[in-house]
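This is a predicted model, with the sequence first.
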Amino acid sequence: MTQSATKLSIIFFIALFAEVSVIFFKLGNLQIITKPSLMLILLIWFWVSARNLDSTKYLIIFALVLSWFSDIFLLFDKQNPNLFIFGLGSFLLAHFCYIVYFYQIRKKNGVDFVSKIFV
């Protein structure tokens, strides 16, 4: 792990502690900052850490961006109910990206994906 990735890991755990504290002490207004920051820090950490990966890493980056948007949409769904649907849609698309990414990794490693499901 590079030095910047280590620093980002520390920043992530500080933001995670802040998010858990905001939830525990019911400081909902601060969650507008703490909740999206977690996914954003994770996205930056992956970007820094995955420099040597192949082009499939962009699926994970896109999935993390979609998850970040979903967190933002779901923060404001009480003001606009349509944002709940956008949040769910973003998470759904993010999970499709994860599925395609891991399918490609298994295929590249020579693992027969379909036969493993039914065994």
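Right, received. Where do you want to start?

what is the mean pLDDT for the top helix by length along the chain?
Counting residues, the longest helix found in the chain (DSSP state H) is helix 82-108. Mean per-residue pLDDT for helix 82-108: 94.

and that helix, which residues are buried?
For helix 82-108, a neighbour-count test (16 or more other Cβ atoms under 10 Å) marks 83, 86-87, 90-91, 93-94, 97-98, 101 as buried. Any C-beta I mention is one placed from the backbone N, CA and C, and that applies to glycine too.

and the nearest residue to L30 once chain neighbours are set aside, how many neighbours does it have?
Nearest residue to L30 in three dimensions, chain neighbours excluded: V22, at 4.7 Å (Cβ to Cβ, 6 or more residues apart in numbering). Applying other Cβ atoms under 10 Å, we find 18 residues neighbouring V22.

quick one, what contacts V22?
V22 is in contact with 28, 30-31, 34, counting by Cβ atoms under 8 Å, 6 or more residues apart in numbering.

so where does it fall, helix or strand?
Element membership for V22, per DSSP states H and E: helix 3-24.

now do R51
R51 is part of no helix or strand when elements are defined by DSSP H and E.

how far away is the closest residue to V65 other than its chain neighbours from F73?
The shortest distance from V65 to any residue other than its chain neighbours is 6.5 Å, reached at L43 (Cβ to Cβ, 6+ apart). Distance, L43 to F73, using Cβ to Cβ, to the nearest Å: 16 Å.

Can you pick out the residue with more neighbours from those two?
Neighbour totals were compared for L43 and F73, and F73 leads with 20 against 17 (other Cβ under 10 Å).

about what we covered before: list the buried residues in the helix holding V22.
Buried residues in helix 3-24 (16+ other Cβ under 10 Å): 5, 8, 12, 15, 18-19, 22.

thinking again about what came up before, nearest to F62 among the contacts of V22?
F62 lies nearest to T34 out of the contacts of V22, by Cβ to Cβ, at 23.4 Å.
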